[in-house]
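Enquirer: only the shape, not the letters, is given here:
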């Protein structure tokens, strides 16, 4: 059931996100690019910042607050929409600032997962 919910929230990306108590999990597909890896990490950090936030901390940016939902899977779905809107601008910005966006620090043998959606 959890896998089906993750796939439903996925929007055909090269990674899956899942939420479990205390963490956000990322599964990369075998063909996930460096850009996919950076996007997945950014998206997971956005989700985690909302899930781990205490009531005494400063309010997160309004765009992150729009993700908030009682359902973790709704938050994942909303976070995909947010990344669709902001990620390209973010990536261009960090690239312009001199960050290396052509590689990540993941090891060459990081785990990859292959999944298939059910066809009806």
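Expert: Noted; the coordinates are in hand. All of these numbers come straight from a predicted model, not from anything done at the bench. Numbers count the residues shown, from 1 in each chain.
Enquirer: got the buried residues for the helix or strand hosting residue 84?
Expert: Per DSSP states H and E, residue 84 falls inside helix 72-96. If you call a residue buried by 16 or more other Cβ atoms under 10 Å, then helix 72-96 has these buried ones: 72-73, 75-80, 82-83, 91. The C-beta positions use only the backbone N, C-alpha and C, and glycine is treated the same way.
Enquirer: in JSON lines, list these along with distance to residue 49.
Expert: Output for the buried residues of helix 72-96, formatted as JSON lines (distance: Cβ to Cβ, whole Å):
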{"residue": "72", "distance to residue 49": "14"}
{"residue": "73", "distance to residue 49": "18"}
{"residue": "75", "distance to residue 49": "11"}
{"residue": "76", "distance to residue 49": "14"}
{"residue": "77", "distance to residue 49": "17"}
{"residue": "78", "distance to residue 49": "14"}
{"residue": "79", "distance to residue 49": "11"}
{"residue": "80", "distance to residue 49": "16"}
{"residue": "82", "distance to residue 49": "12"}
{"residue": "83", "distance to residue 49": "14"}
{"residue": "91", "distance to residue 49": "19"}
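Enquirer: residue 113: which of those is nearest?
Expert: Minimum distance to residue 113 across those is 16.2 Å, recorded for residue 76 (Cβ to Cβ).
Enquirer: distance check, the closest one against residue 40.
Expert: Per Cβ to Cβ, to the nearest Å, residue 76 is found 12 Å from residue 40.
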